[in-house]
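Enquirer: This is a predicted model, with the sequence first.
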Amino acid sequence: MTKLLLRALAGETLPVPPVWLMRQAGRYLPEYRATRAEAGDFLKLCYNPDLATEVTLQPIRRFGLDAAILFADILLVPQALGADLWFETGEGPRLSTITSAADLARLKPADAIHDTLAPIYQTVRQVAAALPPETAFIGFAGAPWTVATYMIAGRGTPDQAPAHALKTADRATFAALIERIADATVLYLSEQVKAGAEVVKLFDSWAGSLHGQDFDDFALAPTRRIIAELKRLHPGLPVIAFPREAGPRYQGFARATGADCLALDTSVSAQWAAEHLQVDGCVQGNLDPKRMVTGGAALVSEVRRIRDAFSGGPHIFNLGHGITPDADPANVALLVETLRG
Ligand code: 1CP
């Protein structure tokens, strides 16, 4: 096994950690903005295999990162299940809402997603064929809770209140929605792997708003089931889990779910994570995405601090959340140079 990212995921401690960045293909890159303009809008870009392949490869060409991540979005699964999806310019995603058993009944069965998602599998095939031999390829999906928060509210929400409200008012419908998304997620990620993805990542961006038994039932349990089913279908498949803002619930999450790597947000301390999380396997993340805007000597020292904190075990260098549109590409180059130089 020569790809550094796969070696780290297998538990190897490497002298220089492999590096990639969440949302590494995006608006901070002029070449992304040009391709997105060519596509017309964000969803057309996602469903155009040639253009989606192009934007997936752009940050690899520019920075020589150790992994590419499929260019798509976590909200394509709701769309494939029959939800209406559109993006309001300057605002974000909008979806038709699921607030009752009747709304849930109108969704398609999980195994009906492939018609809509076929172009995404084609993108995976094209990226896999085009990547340099040293670059690993990451597929992804949203974790059920996070996807459900968008399906219930019909948009991004600061506190996920509509999803919490449905969970309280009609737990059976809420749990059935989580199950439907989990079923679809297994099928979707399995097709990505068949098409050439070597690693998959589950984004549970809103895991931090689940507490106590709810965290166990709706963040941990669906993640565990998805990982178990994927590993049964694809023995040895490495999985990265990102229960963002889980705080103390990060501890034991990899062991309980079978994840090979935990993606860390910016709120956990690297020291604590090295002591309490890295003992269970690989970790990635933690650098504040704002450092990609501000750069300078402070970026260099932050990169070294995080690298040194995790130098005693398997580690993938990454940000604690997605890179922002105001990031300076020169700071990404500086990050990579600092790590490898
Ligand atoms: O070009 C544009 O203006 C669209 C911006 C954009 C991009 C570049 C969106 C809309 N999605 C994406 C791509 C994307 N989304 C990727 C591609 C691969 C890469 O990392 O380079 C990935 C992995 C995602 C995942 C995603 N989408 C998450 C989970 C990760 C996270 O950031 O927490 C979430 C929550 C979404 C939903 C979504 N899609 C887009 C936006 C603006 C949002 C957030 C909406 C909100 O909560 O308000």
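Expert: Structure's in. What do you need? Residues are numbered from 1 along each chain as shown.

Enquirer: Count the residues that sit near the closest residue to T185 other than its chain neighbours.
Expert: Nearest residue to T185 in three dimensions, chain neighbours excluded: A141, at 4.8 Å (Cβ to Cβ, 6 or more residues apart in numbering). Where C-beta positions appear, they are placed from N, C-alpha and C, glycine not excepted. By other Cβ atoms under 10 Å, the residues close to A141 number 27.

Enquirer: can you check D103 too?
Expert: By the criterion of other Cβ under 10 Å, D103 has 17 neighbours.

Enquirer: and whatever helix or strand it lives in, C-alpha only, in CSV?
Expert: Element membership for D103 (DSSP states H and E) is helix 101-105. Output of helix 101-105 as CSV, limited to C-alpha atoms (Å, rounded to 0.1, in the frame of the first residue of the first chain):
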residue,chain,number,x,y,z
ALA,A,101,-46.0,10.4,8.4
ALA,A,102,-47.9,11.4,5.3
ASP,A,103,-44.8,13.3,4.0
LEU,A,104,-42.6,10.4,4.7
ALA,A,105,-44.9,8.0,2.9
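
Enquirer: Now it: buried residues?
Expert: Within helix 101-105, the residues that count as buried by 16 or more other Cβ atoms under 10 Å are 103-104.

Enquirer: before we move on, back to that, on the three-state scheme, the residue nearest to T185 is what?
Expert: Look at A141: counting by DSSP: H, G, I helix; E, B strand; the rest coil, its state is strand.

Enquirer: residue contacts, it?
Expert: 74, 77, 147, 185, 188-189, 200, 202-203 (Cβ atoms under 8 Å, 6 or more residues apart in numbering).

Enquirer: That one bridge partners, please.
Expert: Beta bridges link A141 to L202, judged by DSSP bridges.

Enquirer: helices or strands up against the very next helix or strand once past the helix holding D103?
Expert: Note on helix 101-105: by DSSP H and E, the next helix or strand toward the C-terminus is helix 114-130. With contacts taken as 3 or more Cβ pairs under 8 Å, 6 or more residues apart in numbering; DSSP states H and E, helix 114-130 sits against helix 49-63, helix 76-80, strand 136-142, helix 171-195.

Enquirer: what's the average pLDDT for the second one?
Expert: Regarding helix 76-80, the rounded mean pLDDT is 98.

Enquirer: Then the longest one?
Expert: What helix 171-195 shows for mean pLDDT is 98.

Enquirer: quick one: that helix near the ligand?
Expert: No. If you take Cβ under 6 Å from any ligand atom as the test, helix 171-195 misses the ligand, and the best it gets is 12.2 Å.

Enquirer: picking that back up, nearest to N331, out of the helices and strands packed on helix 114-130?
Expert: Among the helices and strands packed on helix 114-130, the nearest to N331 by Cβ to Cβ is helix 49-63 (10.7 Å).

Enquirer: Now that closest one: average pLDDT?
Expert: Here helix 49-63 scores 98 as its mean pLDDT.

Enquirer: and the angle from it to helix 114-130?
Expert: Computed by axes from the mean of the first three to the mean of the last three Cα atoms, to 10 degrees, the angle separating helix 49-63 from helix 114-130 equals 40 degrees.

Enquirer: outside of helix 49-63, which residues touch it?
Expert: Contacts of helix 49-63 (Cβ under 8 Å, 6+ apart): 21, 24-25, 29, 31-32, 35-36, 38-39, 45-46, 65, 68-72, 119-120, 122-123, 126-127, 130-132, 135, 329, 332-333, 336.

Enquirer: so does that helix get close to the ligand?
Expert: No. Judged by Cβ under 6 Å from any ligand atom, helix 49-63 makes no contact with the ligand; its nearest approach is 7.4 Å.

Enquirer: Just the CA coordinates for that helix, please, in CSV.
Expert: The C-alpha trace of helix 49-63 is given here as CSV (Å, rounded to 0.1, in the frame of the first residue of the first chain):
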residue,chain,number,x,y,z
PRO,A,49,-19.7,14.2,-14.6
ASP,A,50,-17.2,16.0,-16.8
LEU,A,51,-17.4,19.3,-14.9
ALA,A,52,-17.7,17.6,-11.5
THR,A,53,-14.6,15.5,-12.3
GLU,A,54,-12.8,18.7,-13.3
VAL,A,55,-13.5,20.5,-10.0
THR,A,56,-12.7,17.4,-8.0
LEU,A,57,-9.2,17.4,-9.6
GLN,A,58,-8.5,21.1,-9.4
PRO,A,59,-7.2,21.2,-5.8
ILE,A,60,-5.1,18.1,-6.5
ARG,A,61,-3.4,19.8,-9.5
ARG,A,62,-2.8,23.0,-7.7
PHE,A,63,-1.6,21.7,-4.3
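
Enquirer: In the stretch 51-200 of the chain, what residue comes closest to the ligand?
Expert: G156 (2.4 Å; Cβ to the nearest ligand atom).

Enquirer: what's near enough to touch that residue?
Expert: With Cβ under 8 Å, 6+ apart, G156 has these contacts: 92-93, 150.

Enquirer: Lowest-confidence entry in those?
Expert: Of all the contacts of G156, G92 carries the smallest pLDDT score, 94.
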